[in-house]
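A.B. asks: this one's structure only:
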Ligand SMILES: O=P(O)(O)OC[C@H]1O[C@H](OP(=O)(O)OP(=O)(O)O)[C@H](O)[C@@H]1O
Ligand code: HPA
C-alpha cells in the first residue's frame, strides 16, 4: 500500500467542490423545512462526523448536536440486523426534532434499528439525512428525507468513509484501486 493515499484511488466520484455544493443545498432544504424549530442532529459515529460538521454549518437555524456509536455483532449484522449501542446519546430526545445524520445507507440495517430505538424515546419527529445512498444492497427499508447522492454498488472511501480505518480524511468521495484492498 502506498504512503500517498491518492495513489490508492481509482477514481473520484464526487469532488470536494461537488460535495460542498450539494451540502449547501441540503442545508438550505433543511433550513426551509424546519423554520421556527430547533433541530437535534444525531451523528452516527464514526463515518458521519465530517459530513455532519459541514452540514451543521450549512443550516441557518439553532442546531444541537449529539452522537451515537453502534456496532454490529460482526458478520451477523448483515443478515440479522442486530445492532449494539456502544455509545448512547447524552441528550434526552423526548419532544425534540431529531435529524439523524449518516455518511452512507447501504443495507439499511443500522438505520432501521436506530429509527426503531429512537422512536421509543418519544421525539417530536425523526428524519434521516444521508450523504450517500446505495440502494442496490438494501435489506431493510428506511425513509430517507434528505439524500446527497445515490450511488451504484461501489465500495467508496473518503470524506468520513473508511476502508480498514483508512482514507476517512480524503476531502472527496472516491473508489479504491483493487490493489489497495490487497495491501
Ligand atoms: O446500511 P448499513 O449496511 O447498515 O451500513 C451503513 C453503516 O455502515 C457504516 O458504518 P460502519 O459500521 O462502517 O462504522 P464507521 O461509521 O465507524 O465507519 C456507515 O457509516 C453506516 O453507519
Ligand atoms: O461503501 C462503503 N464504504 C465505506 N463504508 C461503508 N459502509 C457501508 N458501505 C460502505
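C.D. replies: Sure thing, it's come through. Source: prediction; values computed, not measured. Ligands and ions are numbered 1, 2, ... in the order given.
A.B. asks: Hmm, residue 60 and residue 31 touching each other?
C.D. replies: Yes: look at residue 31 against residue 60 with C-beta atoms under 8 Å: they come within range, at 4.8 Å. (Each C-beta comes from the backbone N, C-alpha and C, glycine too.)
A.B. asks: Tell me the residues on this protein that lie near ligand 2, please.
C.D. replies: 104, 106, 155-157, 161-162 (C-beta under 6 Å from any ligand atom).
A.B. asks: And the lengthiest helix in the chain, what does it pack against?
C.D. replies: If you go by DSSP state H, the chain has its longest helix at helix 16-33. With contacts taken as 3 or more C-beta pairs under 8 Å, 6 or more residues apart in numbering; DSSP states H and E, helix 16-33 sits against helix 49-57, strand 125-133, strand 146-150.
A.B. asks: quick revisit: can you list the residues of the chain next to ligand 2 in CSV and add pLDDT and distance to residue 83?
C.D. replies: Shown next, in CSV, are the residues of the chain next to ligand 2 (pLDDT from 0 to 100; distance: C-beta to C-beta, whole Å):
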residue, pLDDT, distance to residue 83
104, 98, 15
106, 95, 13
155, 94, 21
156, 96, 21
157, 97, 22
161, 97, 18
162, 96, 18
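A.B. asks: Just put the helices and strands packed on helix 16-33 in JSON lines and tack on mean neighbour count, distance to residue 36 and mean pLDDT.
C.D. replies: What follows is the helices and strands packed on helix 16-33, written out as JSON lines (neighbours: other C-beta atoms under 10 Å; distance: least, C-beta to C-beta, whole Å; pLDDT from 0 to 100):
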{"stretch": "helix 49-57", "mean neighbour count": "19", "distance to residue 36": "18", "mean pLDDT": "98"}
{"stretch": "strand 125-133", "mean neighbour count": "21", "distance to residue 36": "13", "mean pLDDT": "98"}
{"stretch": "strand 146-150", "mean neighbour count": "17", "distance to residue 36": "18", "mean pLDDT": "98"}
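A.B. asks: who wins for proximity to residue 14 among the ones you listed?
C.D. replies: Nearest to residue 14, of all the helices and strands packed on helix 16-33, is strand 146-150, at 6.3 Å by C-beta to C-beta.
A.B. asks: So which helix or strand of the chain has the lowest pLDDT on average?
C.D. replies: helix 76-80 (a mean of 53; mean pLDDT, DSSP states H and E).
A.B. asks: for the protein, which spans come out with low pLDDT?
C.D. replies: 1-2, 73-81, 183 (pLDDT under 70).
A.B. asks: Could you give the number of residues near residue 14?
C.D. replies: Residue 14 is flanked by 21 other residues according to other C-beta atoms under 10 Å.
A.B. asks: if I look at it, how far off is ligand 2?
C.D. replies: Distance of residue 14 to ligand 2, given as C-beta to the nearest ligand atom, to the nearest Å: 13 Å.
A.B. asks: Hmm, residue 175 and that residue touching each other?
C.D. replies: No: judged on C-beta under 8 Å, residue 14 makes no contact with residue 175 at a distance of 10.8 Å.
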